[in-house]
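Participant: Build me a model from this:
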Amino acid sequence: MNIAMFSDSYYPYVSGVVRSIELFRQELEKLGHNVYVFAPSYRQQKKEEGVFRFPSITAPTLKDFSLALPYSPGIGKMIRDLKIDLVHCHSPFLMGRMGARTAKQNNLPLVFTHHTLYDLYVHYVPLFQNLVRKLTLGYVRRFCNKCNLVITPTKMLAERLRGLGITAPMQAIPTGLKMEEYADPDPDWLSRQYNIGPEEKTLLCVARFSKEKNLDMVLEAFHLINRAHPDTRLFLVGIGPYEEELHRIAADMGLDSRVTIIGRALPRKTLTDYYAGADLFIYAATTETQGIIVSEAHAVGLPVVAVGANGIAEMVNDGFDGFLTRPDAEDLAEKALCILQDEKLRQNLASQARESAKRISATSTATRMANAYRDLLG
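Facilitator: Numbering: from 1, shown residues only. Next up is the predicted model:
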């Protein structure tokens, strides 16, 4: 099959959506399919075979994000020349609309992956947020109902979308993990790199540095953890516009020496070593439709303590590979301390976390996606 994927974000921008597109693309190509990506241009992008870029402008409220100008009079010819069988959109907005138009004009099946709870991101709009939320929900509902198939990363999200009036055929297919990337980490790398003593406990949070990830709650929880257990350290790893604010919050709490903020994109091997060197993964975002990052932590055998909201509640098995909490710093801290102060419990959760990760290998989820495509093509 020849598949055209349209997305409002792609590398060098880093996000869970981009990672999902990359993983499915790689695995589908291993299965013998051709996947072409249509995405915005960026100033520091690398040329990549099979990726077609569109002129763009910088988003006014998110400086590292590009907004595509989705107009190309030659797109129809390009689609025909590539012999595209199916269009798969990863956003309902700029590039997604172009993808939907392209599918309609060329009589192709249209698939949409609902990666994001769009109504929970209206804080990026400076005015009339309640109105924007209502309009966004209506727009997304109309877009989905024009699709031949809507993919959701979790069953929980599928149920939520049904409640919003989305009637299109729907299938839950999570973004998988390339298990080989987590097979041989160095568990001592982190302690060597940062001089971490054997008596110290290390917490890790990997997330985009943006408001909706609730990293201020993670810092509040760590403040409580560190007061109860002074030999603890926190590593925040990610990139994004909230980095300066995180430094300020940590300084105001007097945590400068206990919190390390890594504000840059890391190679996959290095990121895996961060996971392997930590004792616990802590996460507070409530807007995730899946939370790939949680599955990555599990793959390295890292127990997770996370707010039990939306997709995260389906990715963490409470009491089996981690704990789910209420959306408050006190509960996060309490559950984290429960694990940090009981090494036998931590080891049990770690072992079971690896088992959880094995259930969503990238090969198996890509095979499910390919089968869904075939069903549409009939």
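Participant: Any buried residues in stretch 7-27, and which?
Facilitator: 7-11, 13-18, 20-21, 23-25, 27 (16 or more other Cβ atoms under 10 Å). Every residue, glycine included, has its C-beta placed from N, CA and C.
Participant: I misspoke; the intended subject was stretch 68-76.
Facilitator: By neighbour count on 16+ other Cβ under 10 Å, the buried set for stretch 68-76 is A68, P70, S72, I75.
Participant: Equivalent analysis for stretch 160-173, please.
Facilitator: R160, L161, I166, A168, M170, Q171, A172, I173.
Participant: need those in TSV with secondary structure, pLDDT and distance to L137, can you?
Facilitator: Below are these laid out as TSV (DSSP: H, G, I helix; E, B strand; the rest coil; pLDDT from 0 to 100; distance: Cβ to Cβ, whole Å):
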residue	secondary structure	pLDDT	distance to L137
R160	helix	91	11
L161	helix	94	10
I166	coil	96	10
A168	coil	98	15
M170	strand	98	17
Q171	strand	97	21
A172	strand	96	20
I173	coil	97	23
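Participant: Just name the closest of those residues to N214, please.
Facilitator: If you rank the buried residues of stretch 160-173 by distance to N214 using Cβ to Cβ, R160 comes first, at 19.3 Å.
Participant: so how far is R141 from the closest one?
Facilitator: Plainly put, R160 is 12 Å away from R141 if you go by Cβ to Cβ, to the nearest Å.
Participant: where in the protein is pLDDT low?
Facilitator: Low-confidence segments of the chain (pLDDT under 70): 120-128.
Participant: One more pass at 80, please.
Facilitator: Scanning the chain for pLDDT under 80 picks out the ranges 44, 61-62, 118-130, 132.
Participant: got the domain boundaries for this protein?
Facilitator: Taking automatic domain parsing as the reference, the chain has its domains at 2-176+361-377, 179-358.
Participant: Correct me if wrong: A350 contacts P303.
Facilitator: Yes. The criterion here is Cβ atoms under 8 Å, and A350 meets it with P303 at 5.6 Å.
Participant: of the two, who's got more company?
Facilitator: Taking other Cβ atoms under 10 Å, A350 and P303 do not tie; P303 has more neighbours (28 against 19).
Participant: What distance do you get for the more buried one to P55?
Facilitator: For P303, the distance to P55 - Cβ to Cβ - is 45 Å.
Participant: same thing with P153?
Facilitator: 30 Å.
Participant: between these two, who's got more neighbours?
Facilitator: More neighbours surround P153 than the other of P153 and P55, with 26 against 12 (other Cβ under 10 Å).
Participant: In contact with the more buried one, which residues?
Facilitator: Contacts for P153 (Cβ atoms under 8 Å, 6 or more residues apart in numbering) come out as S20, T113, H115, A172, I173, P174, T175, T289, Q290, G311.
Participant: ditto for A103
Facilitator: V87, P109, L110.
Participant: what's the next secondary structure element after the helix or strand in which it is found?
Facilitator: Here A103 sits within helix 94-105, counting by DSSP states H and E. Sequence-wise, the next helix or strand downstream of helix 94-105 (DSSP H and E) is strand 110-113.
Participant: contacting residues around that following strand?
Facilitator: Residues beyond strand 110-113 that count as contacts (Cβ under 8 Å, 6+ apart) turn out to be 20, 86-90, 92, 96, 99-100, 103-104, 143-144, 146-153, 372-373, 376.
Participant: tell me which residues in the helix holding A103 are buried?
Facilitator: Buried, per 16+ other Cβ under 10 Å, within helix 94-105: L94, M95, G96, R97, M98, G99, A100, R101, T102, A103.
Participant: Contact partners for G263?
Facilitator: F209, G238, I239, E243.
Participant: what about 7 Å?
Facilitator: The contact partners of G263, by Cβ atoms under 7 Å, 6 or more residues apart in numbering, come to F209, I239, E243.
Participant: can you redo the residues you listed as a markdown table with distance to P267 and neighbour count?
Facilitator: Compiled in a markdown table, the contacts of G263 are given as follows (distance: Cβ to Cβ, whole Å; neighbours: other Cβ atoms under 10 Å):
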| residue | distance to P267 | neighbour count |
| --- | --- | --- |
| F209 | 18 | 19 |
| I239 | 13 | 19 |
| E243 | 19 | 18 |
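Participant: Let me know the closest of these to K335.
Facilitator: For the contacts of G263, the minimum distance to K335 (Cβ to Cβ) is 23.5 Å, reached by F209.
Participant: Tell me if that closest one really is in a strand.
Facilitator: No. Looking at F209 with DSSP: H, G, I helix; E, B strand; the rest coil, it is coil, so not inside a strand.
Participant: Look up how far D331 lies from it.
Facilitator: Taking Cβ to Cβ, one finds F209 at 23 Å from D331.
Participant: Done for today, thanks.
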